[in-house]
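*Asks:* Quick one: sequence plus predicted model below, questions after.
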Amino acid sequence: MNKPQRFHPADRMAALPPYFFHKLNEKIARLITAGVDVIRMDMGSPDLPPAPFVVQALKRSAEDPTHHGYMPTGGTLAYREAWAHFYGARFGVELDAQKEIVGLLGSKDGVFHLALAIVNPGDVALVPDPGYAPYTTGARLAGGEVIYMPLLAENRFLPDLRRLTPDILRRTKLMWLNYPNNPTGAVAPPEFFGQVVQLAQAHGFLVAHDAPYTEITYDAYRAPSILQIPGAKDVCVEFNTLSKTYNMGGWRVGVACGNAEAVQALSALKSNIDSGFFQPVLDAAIAALTGEQAWLIERNETYRERRDIVVAALRQAGMQVNPPPAAIYVWARLPDRMMDESPEAQRSGDEAYAEQLLEEIGVSVTPGSVFGPSGRGYIRISLGTPTDRVKEAMARVVRWGGGL
Ligand SMILES: Cc1ncc(COP(=O)(O)O)c(C=O)c1O
């Protein structure tokens with residue numbers, strides 16, 4: 001018999017490297033099978049459950065025999081109105097639930113797909129570096145040219161807008177921002193958002209602000225929405241989610257809101273991709289968004305305690321680290337001597353350090369270079385891990401030292 005002909009995946013898959021956490025999960029599964037007690041502080045997945053009244057709403061809704069069919073793409077009007085209520089109560093931002101809000105299967109869904117609805121081949125997408133990977137992969141899949149905006153400590157992890165040349169701005173169709181920021185934990189002052197809105201209005205591009213961490217803040221800090229800036233709805237769309245705010249990462253329920261044209265384009269795209277939600281998930285989301293919010297204060301206090309444990313331990317271990325005012329990550333800089341890399345080194349210092357931490361003491365953190373070239377030399381520690389395990393992990397790090 002002749003050798004069978006083989007197929008090859010599409011060329012566009014070159015724009016989609018395997019997701020870092022997908023590979024890490026496989027490695028950790030092998031270590032656990034070998035008997036290692038691995039403490040995961042890598043993924044930004046909240047460990048705590050949602051409030052009981054939210055779970056009750058899901059259960060009640062699931063008992064209804066009429067709640068098991070297909071639902072409209074983009075969510076029911078009641079779900080979108082619940083987000084309008086949230087934005088009004090929290091930010092004083094008025095949103096039209098019919099035209100300015102679309103439900104998403106988690107915000108990652110919309111974050112990845114947005115570029116397909118907005119970016120033409122050759123258009124520039126400005127992406128924060130370090131940043132959440134789907135900004136880059138979504139734009140590349142759409143054929144866009146990704147230009148990184150470095151987020152550097154000396155600029156408080158805000159992009160330096162003065163570095164965007166007239167030529168870049170002329171070709172820009174989409175700018176991604178994310179505050180409170182993953183992975184750096186940095187926050188943006190409203191004045192910065194004001195400058196971005198002005199720039200976008202002057203050059204006619206869309207600003208996509210990814211804002212999953214606005215409700216996880218510490219020490220009296222309150223995060224703004226970019227939609228609070230006058231005129232923002234002309235040029236901005238904001239992504240939000242139940243995942244982090246309400247501890248509902250596995251439920252896959254989020255939103256995009258703001259500029260009606262962008263929301264409608266994303267909605268039209270998604271109507272071709274998926275077939276809506278499971279209604280009980282939407283009903284529980286409505287309960288979370290419109291119900292009592294006071295439980296979030298105690299939840300944030302839990303994260304704050306973990307943040308302080310991590311910051312103190314990493315400083316003791318010799319790293320440079322500031323306590324983040326928001327989000328669920330500590331972004332720590334390794335000592336400069338650990339950045340020394342021979343030209344033939346296959347890995348950056350942060351990748352080598354994270355690998356050693358995992359293999360030698362069973363603590364899993366994320367190397368900063370996973371988030372882009374400006375993440376080199378940092379590690380990201382997630383606070384979505386039970387407090388006693390955070391303490392144990394940090395005790396191991398301090399004891400080990402690891403050449404720091
Ligand atoms: C910056 C950022 N955007 C979006 C998401 C996705 O959240 P979800 O898809 O669960 O709504 C995450 C999750 O880690 C994130 O860190």
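*Replies:* It's in. What you see is a predicted model, and the numbers here were worked out from it, not measured in a lab. Residues are numbered from 1 along each chain as shown.
*Asks:* show me the contacts for the residue of the stretch 251-400 of the chain found nearest the ligand.
*Replies:* Closest contact between the stretch 251-400 of the chain and the ligand, by CB to the nearest ligand atom, is at residue 254 (4.1 Å). Every C-beta, even on glycine, is put in place using the N, C-alpha and C of the backbone. Shown in contact with residue 254 (CB atoms under 8 Å, 6 or more residues apart in numbering): 103-110, 212, 239-243.
*Asks:* Serialize these to a markdown table and add fields for secondary structure and pLDDT.
*Replies:* Below are the contacts of residue 254 laid out as a markdown table (DSSP: H, G, I helix; E, B strand; the rest coil; pLDDT from 0 to 100):
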| residue | secondary structure | pLDDT |
| --- | --- | --- |
| 103 | strand | 98 |
| 104 | strand | 97 |
| 105 | coil | 97 |
| 106 | coil | 96 |
| 107 | helix | 96 |
| 108 | helix | 97 |
| 109 | helix | 96 |
| 110 | helix | 97 |
| 212 | coil | 98 |
| 239 | strand | 98 |
| 240 | strand | 98 |
| 241 | strand | 98 |
| 242 | helix | 98 |
| 243 | helix | 97 |
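*Asks:* Close to the ligand: what parts of the protein are there?
*Replies:* Contact residues, the chain versus the ligand (CB under 6 Å from any ligand atom): 44, 106-108, 111, 132, 178, 182, 210, 212, 241, 243, 249, 254.
*Asks:* please redo it, this time with the cut-off set to 5 Å
*Replies:* Applying CB under 5 Å from any ligand atom, one finds that the chain approaches the ligand through 44, 106-108, 132, 178, 182, 210, 212, 241, 243, 254.
*Asks:* Residue 182 contacts residue 329, correct?
*Replies:* Yes: using CB atoms under 8 Å, residue 182 is in contact with residue 329, at 6.1 Å.
*Asks:* overlap in contacts of these two?
*Replies:* Joint contacts of residue 182 and residue 329 (CB under 8 Å, 6+ apart) are residue 44.
*Asks:* Adding neighbour count, write the contacts of residue 254 out as JSON lines.
*Replies:* Below are the contacts of residue 254 laid out as JSON lines (neighbours: other CB atoms under 10 Å):
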{"residue": "103", "neighbour count": "27"}
{"residue": "104", "neighbour count": "28"}
{"residue": "105", "neighbour count": "20"}
{"residue": "106", "neighbour count": "21"}
{"residue": "107", "neighbour count": "25"}
{"residue": "108", "neighbour count": "20"}
{"residue": "109", "neighbour count": "22"}
{"residue": "110", "neighbour count": "29"}
{"residue": "212", "neighbour count": "26"}
{"residue": "239", "neighbour count": "25"}
{"residue": "240", "neighbour count": "27"}
{"residue": "241", "neighbour count": "27"}
{"residue": "242", "neighbour count": "25"}
{"residue": "243", "neighbour count": "21"}
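*Asks:* which residue sits closest to residue 325, ignoring its sequence neighbours?
*Replies:* Leaving aside its sequence neighbours, residue 325 sits nearest to residue 221 (CB to CB, 6 or more residues apart in numbering; 4.3 Å).
*Asks:* Three-state assignment for the one you found, please.
*Replies:* coil (DSSP: H, G, I helix; E, B strand; the rest coil).
*Asks:* Also residue 181?
*Replies:* Going by three-state DSSP: residue 181 is coil.
*Asks:* List the contacts of whichever helix in the chain runs longest.
*Replies:* Criterion DSSP state H: the longest helix present in the chain is helix 295-316. Around helix 295-316, the neighbours that count as contacts under CB under 8 Å, 6+ apart are 48, 51, 215-219, 245-247, 321-324, 328, 330, 332, 381, 383, 385, 387, 390-391, 394-395, 397-398.
*Asks:* Where does pLDDT dip in the stretch 201-350 of the chain?
*Replies:* Along the stretch 201-350 of the chain, the parts satisfying pLDDT under 70 run over 337-346.
*Asks:* So which of the contacts of helix 295-316 belong to strands?
*Replies:* Secondary structure from DSSP state E places 321, 330, 332, 381 of those in strands.
*Asks:* In a markdown table, list these along with neighbour count and distance to residue 355.
*Replies:* Below are the ones in strands among the contacts of helix 295-316 laid out as a markdown table (neighbours: other CB atoms under 10 Å; distance: CB to CB, whole Å):
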| residue | neighbour count | distance to residue 355 |
| --- | --- | --- |
| 321 | 20 | 20 |
| 330 | 28 | 19 |
| 332 | 24 | 16 |
| 381 | 29 | 15 |
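*Asks:* Can you give me the first-to-last residue distance of stretch 229-242?
*Replies:* End-to-end distance of stretch 229-242 (CA to CA, to the nearest Å): 23 Å.
*Asks:* Give me the buried positions along it.
*Replies:* 229, 232-242 (16 or more other CB atoms under 10 Å).
*Asks:* Equivalent analysis for stretch 259-267, please.
*Replies:* 259-260, 262-263, 265-267.
*Asks:* and if you look at stretch 321-341?
*Replies:* Buried, per 16+ other CB under 10 Å, within stretch 321-341: 321, 324-334, 338.
*Asks:* Which pair in those residues has the greatest spatial separation?
*Replies:* The largest separation in the buried residues of stretch 321-341, counting by CB to CB, is between 326 and 338 at 27.3 Å.
*Asks:* My understanding was that the residue nearest to residue 325 contacts residue 187; is that so?
*Replies:* Yes: using CB under 8 Å, residue 221 is in contact with residue 187, at 6.7 Å.
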